[in-house]
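Novice: sequence and predicted structure below; questions after.
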Amino acid sequence: MSSSSSSSSSPPCPKKMITLKSSDGETFEIEEIAALQSKTLENMIDENCASTPIPLPNVKGKILAKVVEFCTKHAEAGADAETLRAWDAEFVGVEHAIVFDYILAANFLEIPTLLDLACESVAEMIKGKTPDEIRKFFNINNAFSPEEEEDVRRQNQWAFE
Amino acid sequence: MGAALSGGNGSGVGPGLGDIPESCVACVFLYLTPPEICNLARLNRAFRGAASSDAVWEAKLPANYHDLLDLLPPERYRNLSKKDIFALLSRPVPVGDGNKEVWLDRVTGRVCMSISARAMAITGIEDRRYWNWLPTEESRFHEVAYLQQIWWFEVDGAVKFPFPADIYTISFRLHLGKFSKRLGRRVCYFEHTHGWDIKPVKFELSTSDGQQASSECRLDDTVQDEINGNHKRGCWIDYKVGEFIVSHTDPATEVRFSMKQIDCTHSKGGLCVDAVYIVPSDLRQRKRRVLK
């Protein structure tokens, strides 16, 4: 593996493909241009680590396939903003467990566009629900003791005065 | 940070909301309002941590929040987190000698201002045959100017402030008639209220960059309708002067506003003048819908 000494990276080769390997062993090909939307992958490409399949132990095949689809779509030239927005809305119009997977993958791979999209979608799911409704809907434990919860509630009372 | 609290999602279908790291929860919070964020702080530890994140609250503060902090003594805000700064500025901050107040709207973080009648130039205010000051808890300034009677009715005011870029509405808060509490009940007196149904009052505003707006309104109903009641009397009403646009915070915007009824062929009186409000226009729209 040769290390790159120059600070400027060569322009991405059109159609140059990178191979990614999911945690469950599936491989996916993605155009280098699309892969550059991930800062994590961009760093690896810059340092010339991308010649062999890149292992991504934190991302399952099912999710990695969708991430590749997202990055490929967003790297397309000439996509108009409104069509892209509609496509994005459909992309996150899935059950919430999958949206959480997108958040974790986008966080790990540092893809700001996907992270923003998925987080905004979660915000919409949360809006208007009480903490108890959210716990029930998303099935999460309340790790606070009653005193701790009362403390937090009091500290945040100013927002409701 | 990246601390995540594993939730009780043991069904094995995928990560739960409780598995999202604090930094990502902070990203979700960018899309929620301050009250929503504060409400979610008690959900779990990652949410509580994210609800205190400086990055989240910096995004909720107006870009020039330092201009508001400058109105306070430094020890009030030294070492405060961005969340605490938001909380501090969401309570009224006195401007100048306390005859004006400025604050952030809790839901949107937008800047609002109120200017007391004390800060305005009122024709004849020194003459107690015309005007008196009434102490009252119905005003945020704890007093209002009460007009007994006058021919030349004119109230002028001005303010110079670095408002964040937005569209603002100016309004005068007025009350036809005097009021007081008798045995726990609010009572109104209209013995001086006259003249407002004859000609309208003219409201005007202008800015240092040449914007102008005006409106006219009869403050009283011409026919005292016994059946339907007079909805203009005995309650506080916000009379809209107009709107102005702020494109840049710098230089600070200067706005002048006035209300006049100077037709001296008739006298008018029996009116309380509380304050002028300068509020982002769509905020005012939202609140009015809620009140209805």
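Specialist: Noted; the coordinates are in hand.
Novice: look at residue B:191 and give its secondary structure.
Specialist: What DSSP: H, G, I helix; E, B strand; the rest coil gives for residue B:191 is coil.
Novice: do residue A:63 as well
Specialist: Per three-state DSSP, residue A:63 ends up helix.
Novice: what number of residues lie near it?
Specialist: Residue A:63 has 20 neighbouring residues, counting by other CB atoms under 10 Å in any protein chain shown. (Glycine included, C-beta is placed from N, CA and C.)
Novice: now swap in the one 4 residues further on and tell me
Specialist: Per other CB under 10 Å, the neighbour tally for residue A:67 reads 26.
Novice: name the element the residue lying closest to residue A:52 once chain neighbours are set aside belongs to?
Specialist: What sits nearest to residue A:52 in space, not counting adjacent residues and going by CB to CB, 6 or more residues apart in numbering or on different chains, is residue A:19, at 7.6 Å. In this structure, residue A:19 is located in strand A:17-21 according to DSSP states H and E.
Novice: what distance do you get for residue A:143 to residue A:59?
Specialist: In this view, residue A:143 and residue A:59 are 27 Å apart by CB to CB, to the nearest Å.
Novice: next one: residue B:77
Specialist: From residue B:77 over to residue A:59 (counting by CB to CB), the distance is 43 Å.
Novice: between those two, which one's more packed in?
Specialist: The residue with more neighbours, out of residue B:77 and residue A:59, is residue A:59; 24 against 17, by other CB under 10 Å.
Novice: for the closest residue to the more buried one other than its chain neighbours, helix, strand, or coil?
Specialist: Distances taken as CB to CB, 6+ apart place residue A:105 nearest to residue A:59, at 4.9 Å, with adjacent residues excluded. On the three-state scheme (three-state DSSP), residue A:105 is labelled helix.
Novice: list the contacts of residue A:105.
Specialist: A:58-59, A:63-64, A:67, A:111, A:114 (CB atoms under 8 Å, 6 or more residues apart in numbering or on different chains).
Novice: make it 7 Å
Specialist: A:59, A:63, A:67 (CB atoms under 7 Å, 6 or more residues apart in numbering or on different chains).
Novice: nearest to chain B among those residues?
Specialist: residue A:63 (9.0 Å; CB to the nearest CB).
Novice: what pLDDT does that closest one get?
Specialist: With respect to pLDDT, residue A:63 scores 95.
Novice: and what of residue A:34?
Specialist: Looking at residue A:34, the pLDDT reads 92.
Novice: any chance you could map the strands in the stretch 51-200 of chain B?
Specialist: B:93-95, B:100-104, B:111-116, B:121-122, B:131-135, B:143-147, B:153-161, B:166-176, B:178-182, B:185-189 (DSSP state E, counting those that start in this stretch).
Novice: so for the residue in the stretch 51-200 of chain B positioned nearest to chain A, what's the nearest residue that isn't a sequence neighbour?
Specialist: Per CB to the nearest CB, residue B:87 is where the stretch 51-200 of chain B lies closest to chain A, at 4.7 Å. Once flanking residues are discounted, residue B:87 sits nearest to residue A:158: 4.7 Å by CB to CB, 6+ apart.
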